[in-house]
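Chemist: Compute the structure for the input listed below.
(2 chains)
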Amino acid sequence: MSADASDLSLVRRVQRGDKGAFDALVLKYQHKLVKLVMRYVRNPAEAEDIAQEAFIKAYRALPQFRGDSAFYTWLYRIAINTAKNAVVSRDRSPVEYDLDRNNNDESYDMQGRMKDSETPEGLVLTDEIRSTVNAAIDALPEDLRTAIVLRELEGLSYEEIAAAMDCPVGTVRSRIFRAREAIDRRLREVFEGGLGRAEELG
Amino acid sequence: MNEELDSQLSAMFDDELLPAECELLARRLSRDEHLKARWGRYAIVGAVIRAERGVRLNAPLAGRVNAVLLAEPALAAHTAPRDRNHARLRWWRPLAGAAVAAGVATVSILWLRTQAPLPGAPLVTQVTTPGQATLPTPAASGQGDSYVVPRPKPAAAVVPSTELANYVVAHSMFSNPVARRNLLSAFMTSESPAAGTEELQSDVKAIAH
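Modeler: Numbering: from 1, shown residues only, chains lettered A, B, ... in the order given. Model prediction:
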């Protein structure tokens, strides 16, 4: 199995002009990227803005991506640089912050940063998603739960999981798929029509 | 939904699918919105298991990125004109090369023609005398290093005699042999002693005879 073949196949499609393939890459890495950026900025909305900028920069730079490194690594480097630059430019313009403070409106700063899915409905939905997924994982049979947790939490390959669980690689693949399917069934109920519904609510 | 396809999608998400299968599935994934939504939910499941606190799972980040990129041309559209230009250049390249080669050849021929003697003209060697060939050294002239190039004046003394000799030889059929020989001798003697080299004399005589 060649590492990064999945991402690379999507990247090659984007490089040939298929924007839909880039959409798949964004869906796959958006949470990881926001989490990464939040090491530099605490505010989730700001982290999302930076992550969005990083994705757009990555898209524009994709013609130069030759695949020497993993797409994931390359994307992370772009995100880190974007986050660092955002922090530097924010620190260079403290006037805006002072003006906010001088307005003597304590809610102003909070409202300014609060947007999109940070609305109460959005926050509730995030919590609901989290609790639903956790409940679905708890309800999984032991072998499925172990397989999906080893994969997602520990980042083990199928071969490593097979060694840990003393079963064939094909069985690992099947267990992880079945675990995801079981969780996804519950998740779709929350979304009432899939991820698009959640985005509308956001 | 095809279970095998979903199983492949799950394996692809984990980067555990064969590259050839990835190619095929990537094509379908980029077009099939239901498959893409499932792919997105797999990412959410991962984020929850990793307990990525603070990350909003319902954030419309993908939609926002997509909206921005909609206004931009596809990457292939960026590269296509360049490829077309390259193709155009490739078409012109042999012609341009041939034109340059022809130009160089023409210039070379013209230059050689200016250097070659005229058709029918006798071949007379133009020899510079040692005195003419010697350049004054800075020490001899009593000057320091200078970037001024001295004038090539001595050459003018040789050329008229040679040209006249050539002229006499070229028109030899219209002149008396004795008179012609006397004239040539007069040319030789009229030049400076240094200019009357044996080589020049022999050349002129050989042609005159």
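
Chemist: where along chain A do the helices fall?
Modeler: In chain A, helices defined by DSSP state H lie at A:5-15, A:19-37, A:44-61, A:71-92, A:95-102, A:106-113, A:120-139, A:142-152, A:158-165, A:169-191, A:195-201, listed in chain order.

Chemist: Which of those helices sits closest to B:Ala37?
Modeler: The closest of the helices of chain A to B:Ala37 is helix A:195-201. By C-beta to C-beta, the value is 4.7 Å. Bear in mind the C-beta positions are built from the backbone N, C-alpha and C, glycine included.

Chemist: For the closest one, what does the pLDDT average out to?
Modeler: Average pLDDT, helix A:195-201: 44.

Chemist: What score does A:Arg130 have for pLDDT?
Modeler: Value listed for A:Arg130 in the pLDDT field: 89.

Chemist: what's the answer for the one 10 residues further on, then?
Modeler: Looking at A:Leu140, its pLDDT is 96.

Chemist: now swap in A:Val11 and tell me
Modeler: Looking at A:Val11, its pLDDT is 95.

Chemist: which residues touch it?
Modeler: A:Ala21, A:Leu25, A:Leu62, A:Phe65, A:Gly67, A:Phe71 (C-beta atoms under 8 Å, 6 or more residues apart in numbering or on different chains).

Chemist: State the distance from it to A:Ala61.
Modeler: To A:Ala61, A:Val11 is 11 Å away according to C-beta to C-beta, to the nearest Å.

Chemist: Repeat that for A:Ala83.
Modeler: In terms of C-beta to C-beta, A:Ala83 sits 16 Å off from A:Ala61.

Chemist: Compare the two (neighbour count), which wins?
Modeler: A:Ala83 (23 against 12; other C-beta atoms under 10 Å in any protein chain shown).

Chemist: Surely that one and A:Lys35 touch.
Modeler: No - counting by C-beta atoms under 8 Å, A:Ala83 stays clear of A:Lys35, with 11.6 Å between them.

Chemist: Minimum distance to chain B, which residue of chain A gives it?
Modeler: Proximity of chain A to chain B (C-beta to the nearest C-beta) peaks at A:Gly17, 2.8 Å away.

Chemist: does the residue lying closest to that residue once chain neighbours are set aside count as helix, strand or coil?
Modeler: Nearest non-adjacent residue to A:Gly17, counting by C-beta to C-beta, 6 or more residues apart in numbering or on different chains: B:Ala76, 2.8 Å away. Following DSSP: H, G, I helix; E, B strand; the rest coil, we place B:Ala76 in the helix state.

Chemist: Just want the phi and psi numbers for the residue of chain A closest to chain B.
Modeler: A:Gly17 adopts backbone torsions of phi 100, psi 10, taken as degrees, to the nearest 10.

Chemist: give me the number of residues near it?
Modeler: When neighbours are counted by other C-beta under 10 Å, A:Gly17 registers 15.

Chemist: ditto for the one 5 residues further on
Modeler: When neighbours are counted by other C-beta under 10 Å, A:Phe22 registers 26.

Chemist: which ones are touching the closest residue to it other than its chain neighbours?
Modeler: Nearest in space to A:Phe22, with sequence neighbours left out and distances taken as C-beta to C-beta, 6+ apart, is A:Val14 at 4.5 Å. Shown in contact with A:Val14 (C-beta under 8 Å, 6+ apart): A:Ala21, A:Phe22, A:Leu25, A:Tyr59, A:Leu62, B:Leu75.

Chemist: Likewise for A:Glu189?
Modeler: Contacts of A:Glu189 (C-beta under 8 Å, 6+ apart): A:Thr132.

Chemist: And the pLDDT at A:Phe22?
Modeler: Here, the pLDDT recorded for A:Phe22 equals 95.
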